[in-house]
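Asks: Structure here, sequence nowhere to be found:
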DNA sequence: GTAACTGCAAAAACTTTGCTGAGTT
DNA sequence: AACTCAGCAAAGTTTTTGCAGTTAC
C-alpha cells in the first residue's frame, strides 16, 4: 500500500474540506468533492472550462454551471484563490500553502514559484483595519519564452 | 499658479507617454491621451467601463471599443498593469511605481498599499529563464468592512 | 421531510473583431 | 500621401441566473 507525502496531503485537504462543509451546513456532493480534488491535484492553474474537461470524464452529467457555482462557493470559504488572470478566463488555485507567482507581462502565463525567503515575509502591522491573512509575492517580468522573442529588437 | 508635486508627476508621466508613443511609431490621439491621463489620476483601479464613464463626458464620441484597444496597447507597452480582478471586469492601474496591494478575499476590493520595506524586496536570482522586472506584494485578507461583518460568527 | 444542490437552457455581462471614414505625422 | 487609429455594429467568450427535479442529511 502506497502512502506518499502527496497522497497524505491530498487526504488531509479533503478531510479538511469535508469538515468545513459540515461546519457551514453545506451538502457534500460528489460534484464538489471531484472539483475540489481536481483542483488540489492540478499542477497548473486551471480555468473553469479546463476543470470541466478534467472532471467530466468521471462524471458525465456534470455541467459547467456547477463548476462556476462551486468555485464561487469555495472561494468564499477561502479554500481556493482566484489568480490574476488575463486575456481569457479566470484561473483558480487550491494551493493555499504560501507560494508565489511568476507572471509574464507578455503572454500572461502564471507559474508557481517557491522560495523560503519570500515565505518569510511578515505582513506589516498597521494596515488600517485590513486583516492580513496571507502574503503573496508576484514577480512580474518576461517568461523564458517571451524573453527569447523580445530579443529580436 | 499652482504646481503641486502631483501635477508635476502627472506632467512627467504624460511626457514620458508621448515619448514612448513616438518611439513606437504610434499616433498620439486625443483619446489615448485622455484615457491614459484618467488612469494616472485615478485613485482606484477602474474597469474599462468605469474609465469609459469618466472620459466620455469630455469626449462624447468615445467608444468602449476604443477603451479596450487602448488599454491593450498600453499594457503591451508596459505603461499600465492589469490587476487580479474578480467577479466582474478587469481592473487597470497606471501606477507603475513600486507599490503593493491589499486584496480582500471576501469582496475582492483591491487597495494600493505603500511600504518602503516591501519595495526593498529584490527578485531572487535564479528564476530559470524568467526575467524579473518588478516585484509586487499582494496581501490577502479581509478589508475593514468585511472583517466587521465576519465577526458575527 | 427539508434544505441544499445539480443540470439545463436562456440571459447577461464582458471583450474582441472587421470595416470605413477620419486624424496624425 | 501614407499610415495609424476611432467609432460603429456585430460576433464571440465567459459568467450568471431561474427553475424543476434530485440528492444529501
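Replies: Nice, thanks for sending it over. The model shown is predicted, which means the values in this text are computed figures rather than measured ones. Numbering: from 1, shown residues only, chains lettered A, B, ... in the order given.

Asks: Now residue A:103. Its backbone dihedrals?
Replies: phi -110, psi 130 (degrees, to the nearest 10).

Asks: Please apply the same query to residue A:81.
Replies: Note on residue A:81: backbone dihedrals following degrees, to the nearest 10 are phi -120, psi 150.

Asks: so how far is residue A:48 from the residue nearest to residue A:81 when sequence neighbours are not counted?
Replies: Nearest non-adjacent residue to residue A:81, counting by Cβ to Cβ, 6 or more residues apart in numbering or on different chains: residue A:93, 4.9 Å away. Bear in mind the C-beta positions are built from the backbone N, C-alpha and C, glycine included. Residue A:93 sits at a distance of 13 Å from residue A:48 (criterion: Cβ to Cβ, to the nearest Å).

Asks: Do I have it right that the residue nearest to residue A:81 meets residue A:79?
Replies: No - the pair residue A:93 and residue A:79 fails to qualify as a contact (Cβ atoms under 8 Å) at a distance of 10.5 Å.

Asks: Now do the buried residues in the lengthiest helix in chain A.
Replies: Criterion DSSP state H: the longest helix present in chain A is helix A:5-23. For helix A:5-23, the neighbour count (16 or more other Cβ atoms under 10 Å in any protein chain shown) marks A:13, A:17, A:21 as buried.

Asks: contacting residues around residue A:92?
Replies: A:39, A:45-48, A:51, A:71, A:75, A:80-83 (Cβ atoms under 8 Å, 6 or more residues apart in numbering or on different chains).

Asks: and with 7 Å instead?
Replies: A:39, A:45-46, A:71, A:80, A:82-83 (Cβ atoms under 7 Å, 6 or more residues apart in numbering or on different chains).

Asks: re the thing from before, so what sits against both of residue A:93 and residue A:48?
Replies: Common neighbours of residue A:93 and residue A:48 (Cβ under 7 Å, 6+ apart) do not exist.

Asks: Now the element after the longest helix of chain A, going C-ward?
Replies: Per DSSP states H and E, helix A:5-23 leads on to helix A:30-41 as the next helix or strand towards the C-terminus.

Asks: Which strands and helices lie in contact with that next one?
Replies: helix A:5-23, helix A:48-55, helix A:64-77 (3 or more Cβ pairs under 7 Å, 6 or more residues apart in numbering or on different chains; DSSP states H and E).

Asks: Surely residue A:101 touches residue A:113?
Replies: Yes - counting by Cβ atoms under 7 Å, residue A:113 is a contact partner of residue A:101 at 6.2 Å.

Asks: tell me the centre residue of chain A?
Replies: Residue closest to the average C-alpha location in chain A (Cα atoms, centre = their mean): residue A:93, at 0.5 Å.

Asks: per-residue confidence averaged over the longest strand seen in chain A?
Replies: Looking across chain A with DSSP state E, the single longest strand is strand A:131-142. The pLDDT scores in strand A:131-142 average 86.

Asks: and the helix or strand that it is followed by, which residues are buried?
Replies: Next along the chain after strand A:131-142, taking DSSP H and E as the criterion, comes helix A:144-150. Going by neighbour count (16+ other Cβ under 10 Å), the buried part of helix A:144-150 is residue A:146.

Asks: How about stretch A:45-53?
Replies: A:45-48, A:50-52.

Asks: Work out the gap between it and the centre of the chain.
Replies: Centroid displacement of stretch A:45-53 relative to its chain, using Cα atoms, centre = their mean, to the nearest Å, is 11 Å.

Asks: same thing with stretch A:47-59?
Replies: Centre to centre, stretch against its chain (Cα atoms, centre = their mean), the figure for stretch A:47-59 is 15 Å.

Asks: before we move on, what about stretch A:42-52?
Replies: Relative to where its chain is centred, stretch A:42-52 has its mean C-alpha point 9 Å off (Cα atoms, centre = their mean).

Asks: Over to stretch A:54-72?
Replies: Counting by Cα atoms, centre = their mean, stretch A:54-72 comes out at 16 Å from the chain centroid.

Asks: Any buried residues in that stretch, and which?
Replies: Residues A:54-55, A:62, A:66-67, A:70-71 are the ones in stretch A:54-72 that count as buried (16+ other Cβ under 10 Å).

Asks: now stretch A:121-132
Replies: If you call a residue buried by 16+ other Cβ under 10 Å, then stretch A:121-132 has these buried ones: A:121, A:123-124, A:127, A:130-131.

Asks: And for stretch A:24-42?
Replies: So, applying 16+ other Cβ under 10 Å, buried residues of stretch A:24-42: A:31-32, A:34-40, A:42.

Asks: In TSV: the residues you listed, plus pLDDT.
Replies: Shown next, in TSV, are these (pLDDT from 0 to 100):
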residue	pLDDT
A:31	96
A:32	95
A:34	96
A:35	95
A:36	95
A:37	94
A:38	94
A:39	92
A:40	90
A:42	87
